[in-house]
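# How does the following fold in three dimensions:
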Amino acid sequence: KVAYYDRTKDQISYALDFDNSNDYVAVGTGPTSVKTVEFWVNPNSTTTEFIDLNGSAYINVASGTVTGTGFTSPTIYVDGAVSSTVVANKWQHIAVTTGTGLNATALNFGKRSTSYFNGIMDEVALYSAALTAGQVATDYNNRRLAGTESSLVALYHFDEGQGTRAYDSSGNANHGTLTN
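Residues are numbered from 1 along each chain as shown. This is a model prediction of the structure:
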């Protein structure tokens, strides 16, 4: 975990720092019918893993281009606008939407198979609806979700600061376990 000053909350906050070696969050069986995945990320590289829903549906970046493999006709947003380009060493908001629901039967943050994320991740949210461009832009501008947003099925602030649990703040108890 890494502490940083969060200007939106005017306080010290936390995010998870992944070392590209063995750090990840294992949720296991998560929400069903996921149509939007969004999160904040500060990658150390432009080729790395982000989130794996079930072994065949995952979000990663290769040579600076974000992909939503296994998502049917995904729309990818970076910093609130339709784009799939990310850069290293900068905080960016990523959202991937699809009209076809995906089951998060083996949900991991920071790991896909034997490949790991290299960087810092925060504010992971999963929705049962495909967010509109306006909703994605609102989430980007708000920086932090309340946990009461419509169709929100999982939310991880990563603000625990200690321990091995990543709590789901949506109220749906899809808690994760930190592994390193």
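# can you tell me how far the residue lying closest to Asn54 once chain neighbours are set aside sits from Gly28?
Of all residues not flanking Asn54 in the chain, Thr105 sits nearest, at 4.5 Å (C-beta to C-beta, 6 or more residues apart in numbering). Placement of C-beta: from N, CA and C, glycine included. Between Thr105 and Gly28 the distance is 8 Å, computed by C-beta to C-beta, to the nearest Å.
# likewise Asn89?
Distance of Asn89 to Gly28, computed by C-beta to C-beta: 31 Å.
# hang on, isn't Val124 packed against Ile51?
Yes - using C-beta atoms under 8 Å, Val124 is in contact with Ile51, at 7.0 Å.
# Mutual contacts of those two, please.
A shared contact of Val124 and Ile51, defined by C-beta atoms under 8 Å, 6 or more residues apart in numbering, is any residue touching both; here these are 37, 39, 109.
# give the contact list for the first one.
The neighbours of Val37, taking C-beta under 8 Å, 6+ apart as the test, are 51, 53, 59, 68, 95-96, 124-127.
# now, among the residues you listed, which is nearest to Gly161?
The shortest approach to Gly161 among the contacts of Val37 belongs to Val124, at 16.7 Å (C-beta to C-beta).
# Surely the closest one is within a strand?
Yes - residue assignment for Val124, taken from DSSP: H, G, I helix; E, B strand; the rest coil, places it within a strand.
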